[in-house]
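Q: Quick check, what structure comes out for this input:
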Amino acid sequence: MTNARRTTAHRRRSPRRIARKPLAGSLAVAALLGGAWYATAATDNGDSGTSTSAGTSTSASSSAGASASPEAAAQGSTSTTGTATASASAKTSPKAAAQTATAAKVATGTLTPTSTTVPLAAKFPYLTAGYNNTREWTRTTTAVAPDGTLHVAWPAADGVHVTPLNAAGLRSGADTVVKGAREVGGLVAHNDGFALLTRVADTNKWKETAAAIVRYTNGRQTFRTKLTGTASNDTSPGLDGQLTWNGTKYGAYFVVHGAGGFADGHFGDKLTYVSAKGAKLSGGWSWGCSHNEGIALHAETSGAFTSLCFDDWRSGLFVSTGIGAPDVAPVVQREQCWAGYCGGTFPSRTGDLVKSATGRYATAFASRGAASAKKNSADSSGRGWTVTPKTSTHQVAVAFMANRNSGPGKAIYLTSAAATENVNVHIAPYGKDRLLVSWESLKGAKCNAGTCTGTFTGTHLRLIDWNGKVQGADKVVTARISGDIAVLRNGTLTWAYAPVTPTYATPLNGASPTTTSLRIARLTP
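A: Here you go, the predicted model:
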């Protein structure tokens, strides 16, 4: 069901804990939003300053059928399987083998990430329990400054750490620790510091945190602007957010919990603009997608920033640009959404939104599709929808928009194997005219209440063009893509991830395992 009625007993609890079971009922004002997220377990084996090439394999399959084993992936082995093999058998001449290897490279692109290892000053809990305790990666965010330097934000027990790196992905100084910060909701890197979207302590009826932008300049905090509070009758116990910058102002998009007024006790989303000096600006909205299950935001040089949301009331993914409650928002994809879960999901409740040189947009997500979608007759508001999913497992979908306000055409699916679950879907620009889509696959998937467990079979990279046409076979790599991807001036993609081997065999129960290092991956078109 798309609507969820909140009870008084539930309202005081964290949305991340509430969101583990489907909720049903009708609601006339807003549906509740709760969120959480994914992950893994293993050990770190990297040293500071080392640079390695991640092990890869190529596969002609659209699913995970031919991929490296977790054991081989953990060892960083290099192998090739499927129709494009780079190894020669005893009956194959060296010349023929070389030609085959060249063909494989042309078919997939190089698609070989390299990585450096950065030691951490604190323990990083790299897993989060999502809906039904599904394993999700704790979010890290990598951002590039105009001068090419990098910052990586990651949470720890003593606050959010922001690690400075040079353009080669090596540590260039000590961490800045944002004390009292509870979550990485977004990061913007500047030549003289950074801005972080996070949660900080607050005084309110629910005893929950407030959303805030914290700016550091030359190692010192220059402003800390709270974006929720008593005056606006809202809190933010879980951001699931995005922070973007257009050169003159920040756009912060995040989840809010009503703490008074018409939305008391319910969950929605908020888009706020903030100046370079920390002053709140006009625009945005105070209450948007009801029970937002996923957020994407792209900065624009003028006008409203382009935004997407997964709305559980209207059951699906919508273009919410310039719209508060998106009653007339263009539909990207109908999906089955519940409080805390949506059948089509962005990783960590946040999504990638890529803009082309001609002004088109692309986003990618894990989707169960819609066998049927109809208005929910039990919803007196007339806005609720009921969606029956088409598949039990999530498949990799890509949607394109002609402009920042339009609904796209039919979503393009890159996978279809019914027994394979696909998670942690990302999309990024790859050179001038292609897109990189990545995801993790699980074979032998067993699904219950919209979430699946299975055997991890690799991280897939695939190139497509701006029409969704596949540009070669998948490549399976050992590098995880578990956080926001930064794009350097020369087109190189870089991101941070925990150097561990994923497991999705069981839900995550208990505390997250930790790591004391991060890998900084680089992929150059």
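Q: Skipping adjacent residues, who's closest to the residue sitting nearest the centre point of the chain in space?
A: Note on the chain: the residue nearest the mean C-alpha position is Pro347, at 3.3 Å, using C-alpha atoms, centre = their mean. If you skip the residues right next to it in sequence, Pro347 has Asn424 as its closest partner in space, 5.0 Å away by C-beta to C-beta, 6 or more residues apart in numbering. All C-beta atoms are positioned from the backbone trio N, CA, C, and that covers glycine.
Q: Likewise for Thr301?
A: Counting by C-beta to C-beta, 6+ apart, Asn246 is the residue found nearest to Thr301 once chain neighbours are left out, at 5.7 Å.
Q: sorry, back to before: after the host helix or strand of the residue nearest to Pro347, which helix or strand is next?
A: For Asn424, the enclosing helix or strand under DSSP states H and E is strand 421-430. If you walk from strand 421-430 toward the C-terminus, the next helix or strand you reach (DSSP H and E) is strand 434-448.
Q: Can you tell me how far the residue nearest to the centre of the chain is from Ala411?
A: Distance of Pro347 to Ala411, given as C-beta to C-beta, to the nearest Å: 17 Å.
Q: and what of Gly173?
A: In this view, Gly173 and Ala411 are 43 Å apart by C-beta to C-beta.
Q: between the two, which one's more packed in?
A: When Gly173 is set against Ala411 and neighbours are counted by other C-beta atoms under 10 Å, the residue ahead is Ala411, at 21 against 11.
Q: May I ask you to confirm that the more buried one is in contact with Gln333?
A: Yes: applying C-beta atoms under 8 Å, one finds Ala411 in contact with Gln333, separated by 5.3 Å.
Q: list residues touching both of these two?
A: Both Ala411 and Gln333 are in contact with Ser367, Ala397, Ala399, where contact means C-beta atoms under 8 Å, 6 or more residues apart in numbering.
Q: Report the contact partners of the second one.
A: The neighbours of Ala397, taking C-beta under 8 Å, 6+ apart as the test, are Gln333, Gly344, Ala364, Phe365, Ala366, Ser367, Gly369, Ala411, Ile412, Tyr413, Leu414, Val425.
Q: Also the last one?
A: Neighbour list for Ala399: Leu317, Val332, Gln333, Ala362, Thr363, Ala364, Phe365, Pro408, Ala411, Ile412 [criterion: C-beta under 8 Å, 6+ apart].
Q: how far out from the middle of the chain is stretch 113-128?
A: Distance of stretch 113-128 from the chain centroid (C-alpha atoms, centre = their mean, to the nearest Å) equals 17 Å.
Q: from now on call the first residue 264
A: With the count now opening at 264, the last piece we talked about shows up as stretch 376-391.
Q: I'd like to know the average pLDDT value across that stretch.
A: Mean per-residue pLDDT for stretch 376-391: 97.
Q: CA-only coordinates of the host helix or strand of Tyr516 in CSV, if you can.
A: When elements are assigned from DSSP H and E, Tyr516 belongs to strand 512-521. Below are the C-alpha coordinates for strand 512-521, written out as CSV (Å, rounded to 0.1, in the frame of the first residue of the first chain):
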residue,chain,number,x,y,z
LYS,A,512,24.2,29.3,-3.4
TYR,A,513,23.7,25.8,-1.9
GLY,A,514,20.7,23.6,-2.4
ALA,A,515,19.9,21.2,0.5
TYR,A,516,17.3,18.5,-0.1
PHE,A,517,16.4,16.2,2.9
VAL,A,518,13.8,14.4,4.9
VAL,A,519,11.8,16.2,7.6
HIS,A,520,9.6,15.0,10.5
GLY,A,521,6.6,17.2,11.4
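Q: partner strands of it, parallel or antiparallel?
A: Using DSSP bridges, the neighbouring strands of strand 512-521 in the sheet come out as strand 497-498 (antiparallel), strand 505-508 (antiparallel), strand 530-538 (antiparallel).
Q: most tightly surrounded among those?
A: Of all these, strand 497-498 has the most neighbours on average by mean count of other C-beta atoms under 10 Å, namely a mean of 26.
Q: Run through who's touching it.
A: Contacting residues not belonging to strand 497-498 are listed as 465, 467, 469, 471-473, 491, 519-522, 526, 533, 549 [C-beta under 8 Å, 6+ apart].
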